[in-house]
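Chemist: this one's structure only:
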């Protein structure tokens, strides 16, 4: 299970999870250690909300905001692919970085060196205390998958869960085609 749960992996909610925070969620695991885990839900956009309308004194920037998870929903986080430009970014995986210098971020956006396709903003995050995620894995709440940076920066969020599940191959291709609600069978 050590490789299954590590920074830079994807967690897919099992297909029948009813928790509205995580129903068909695709979570990028950004930190995983003995003290706990942190991730961001990649496929739950907040309708009609852009970062520049949400954050005061933010440059004009038409980038959507996503629900990152139910923890600290008064905080803003960002995942991007420009780590070499943004000091203090944490490398999560090849081509994927978390956070970085906020003032420099605003400067890079104002200078048009960061475009909306380079970054995802999140309200809140997903967090697990020590051992909690491992227990959820044993229970079968999550399926792990390899990360492809395209999942974050190039794919539409509305079918991301199905696509990542399908890309895992058999038997997951069958699971990926299951309807969202059992009553649709």
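Modeler: Happy to help now that I have it. Please read all numbers here as calculations on a predicted model, not as lab measurements.
Chemist: Quickly note the distance from residue 169 to residue 144.
Modeler: Distance from residue 169 to residue 144, counting by C-beta to C-beta, to the nearest Å: 13 Å. C-beta: built from backbone N, CA, C; applies to glycine.
Chemist: Settle it for me: which of those two has more neighbours?
Modeler: Remark: of residue 169 and residue 144, residue 144 carries more neighbours, 17 against 8, as counted by other C-beta atoms under 10 Å.
Chemist: Okay, buried residues for the helix or strand harbouring residue 137 please.
Modeler: Applying DSSP states H and E as the criterion places residue 137 in helix 132-139. Using 16 or more other C-beta atoms under 10 Å as the test for burial, helix 132-139 gives 133, 136, 137.
Chemist: who does that helix touch, helix- and strand-wise?
Modeler: strand 36-41, strand 142-146 (3 or more C-beta pairs under 8 Å, 6 or more residues apart in numbering; DSSP states H and E).
Chemist: Note down every partner strand of the last one and its orientation.
Modeler: So that's strand 142-146. strand 9-13 (antiparallel) (DSSP bridges).
Chemist: quick one: contacts of the partner strand?
Modeler: With contact meaning C-beta atoms under 8 Å, 6 or more residues apart in numbering, strand 9-13 is reached by 22-29, 32, 39, 141-147, 151, 161, 164-165.
Chemist: ok, and what's touching stretch 134-141?
Modeler: 1, 4, 5, 13, 14, 17, 128, 142, 144.
Chemist: Now tell me which of the residues you listed the prediction trusts least.
Modeler: Within the contacts of stretch 134-141, residue 1 has the lowest pLDDT, namely 50.
Chemist: and residue 114, that's in a helix?
Modeler: No. Counting by DSSP: H, G, I helix; E, B strand; the rest coil, residue 114 is located in no helix; its state is coil.
Chemist: Point out the most buried one among the helices and strands packed on helix 132-139.
Modeler: Using mean count of other C-beta atoms under 10 Å, the stretch among those with the greatest mean number of neighbours is strand 36-41 (a mean of 23).
Chemist: by how many degrees do that one and helix 132-139 diverge?
Modeler: 70 degrees (axes from the mean of the first three to the mean of the last three C-alpha atoms, to 10 degrees).
Chemist: for strand 36-41, packing partners?
Modeler: Against strand 36-41 (3+ C-beta pairs under 8 Å, 6+ apart) you get strand 26-33, strand 64-67, strand 119-129, helix 132-139.
Chemist: the inter-axis angle of the third one versus strand 9-13?
Modeler: In terms of direction (the same axes, to 10 degrees), strand 119-129 departs from strand 9-13 by 70 degrees.
Chemist: hang on, the earlier thing: could the helices and strands packed on strand 36-41 be laid out in JSON lines, adding distance to residue 43?
Modeler: Shown next, in JSON lines, are those (distance: least, C-beta to C-beta, whole Å):
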{"stretch": "strand 26-33", "distance to residue 43": "5"}
{"stretch": "strand 64-67", "distance to residue 43": "8"}
{"stretch": "strand 119-129", "distance to residue 43": "10"}
{"stretch": "helix 132-139", "distance to residue 43": "18"}
